[in-house]
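# build me a model from this:
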Amino acid sequence: MGIINGMTRAASALRYWERRQEIVANNLANADTDGFRAQRTFARALGDAVPVAQTAMDARAGSLKQTGNPLDVALGGDGFLVVNTAQGERFTRNGSFRLDESNRLVDQSGNAVLGEGGPITLPPGTVTIDGAGGVKVDGKQVAKLRVETVPQGTQMAHEGGTLLVPDASRTPLADSARSVRQGYLEESNVNPLTSMVDMIDIQRSYVAVQRTMVTLDGIRQTISNDLGKPV
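Modelled structure (predicted):
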């Protein structure tokens, strides 16, 4: 029975390392995606010490880069911008916005950017956005970006790259806590070098578990084929 349990645990370990590889590969694929928040994995031991991969979002902010585009927006510190998708409202840190054919402010996927009064439509003119998210055209305020937050440690599911499913604990971020930067974008918080090192470690660990399974299988064959033979 112990050998069978050993094979079962080894198989569970392989699934754990496969899941970790999926997460790290996705992080690497989004290393250049503005506003992307990396996922981290950790092992959780279930019954009989079987490891299961759990994920958590890395809440650290990425670096800000200046673009000069007046419709680009980055958030310093905490908080999330809000967009409206076909699946409902979603949080994002990717403030790469544009105007659609109806002069609505939308993200790169065409999702409407939400202000405190709903979707934002801009008249022709020079757009300025202040530190609290107030949107002005030729000096006249026409909207205010919704910026919301969740309690520290709250985990939200990724959806479509930089979109996050809001938690029920979401609340508006106070104006005094906002730091909206016009003409900037937040870069991904993925560290490619660290992720590559993680990928190498994962592959080595995966191979080590595979070798263990081969050894256990050899022991089983010896028990079945040799120890049972009459002397």
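# what mean pLDDT does the longest helix along the chain have?
Ranked by residue count and defined by DSSP state H, the top helix of the chain is helix 192-222. Mean pLDDT, computed over helix 192-222, is 80.
# which residue packs closest to residue 136, ignoring adjacent ones?
In this structure, residue 136 finds its nearest non-sequential neighbour in residue 128, 4.8 Å apart by C-beta to C-beta, 6 or more residues apart in numbering. C-betas here are computed from N, CA, C, even on glycine.
# okay, now the one you found: neighbour count?
15 (other C-beta atoms under 10 Å).
# correct me, but it touches residue 183?
No. Using C-beta atoms under 8 Å, residue 128 makes no contact with residue 183, being 9.9 Å away.
# circling back to that earlier point, so how far is the longest helix of the chain off the chain centroid?
27 Å (C-alpha atoms, centre = their mean, to the nearest Å).
# packing partners of that helix?
helix 2-29 (3 or more C-beta pairs under 8 Å, 6 or more residues apart in numbering; DSSP states H and E).
# orientation of the helix it packs on relative to helix 192-222 in degrees?
With axes from the mean of the first three to the mean of the last three C-alpha atoms, to 10 degrees applied, the angle from helix 2-29 to helix 192-222 works out at 160 degrees.
# dump the residue contacts of the most centrally placed residue in the chain.
Computing the C-alpha centroid of the chain and ranking residues by C-alpha atoms, centre = their mean puts residue 37 first, at 4.0 Å. Residue 37 is in contact with 57-59, 93, 158, 162, 164, 188-189, counting by C-beta atoms under 8 Å, 6 or more residues apart in numbering.
# what about this structure, any weak spots by pLDDT?
Applying pLDDT under 70 to the chain flags residues 1-7, 45-50, 216-231.
# the domain parsing of it - what is it?
The chain breaks down into these domains under automatic domain parsing: 2-58+190-227, 64-186.
# residue 71 contacts residue 98, doesn't it?
Yes. With contact defined as C-beta under 8 Å, residue 71 reaches residue 98; the gap is 6.0 Å.
# now do the shared contacts for the two.
Joint contacts of residue 71 and residue 98 (C-beta under 8 Å, 6+ apart) are residue 105.
# who has more neighbours out of these two?
residue 71 (19 against 14).
# returning to what we had before: need the winner for burial among the domains of the chain.
domain 64-186 (a mean of 16; mean count of other C-beta atoms under 10 Å).
# start and end of it, how far apart?
Distance across domain 64-186, first residue to last, is 4 Å (C-alpha to C-alpha, to the nearest Å).
# now swap in stretch 185-193 and tell me
22 Å.
# residues contacting it, please?
Counting by C-beta under 8 Å, 6+ apart, 27-28, 30-38, 58, 60-65, 67, 72-75, 93-96 sit against stretch 185-193.
# quick check: neighbours shared by residue 128 and residue 183?
Common neighbours of residue 128 and residue 183 (C-beta under 8 Å, 6+ apart) are residue 70.
# looking at the contacts of residue 37, which is nearest residue 136?
residue 93 (22.7 Å; C-beta to C-beta).
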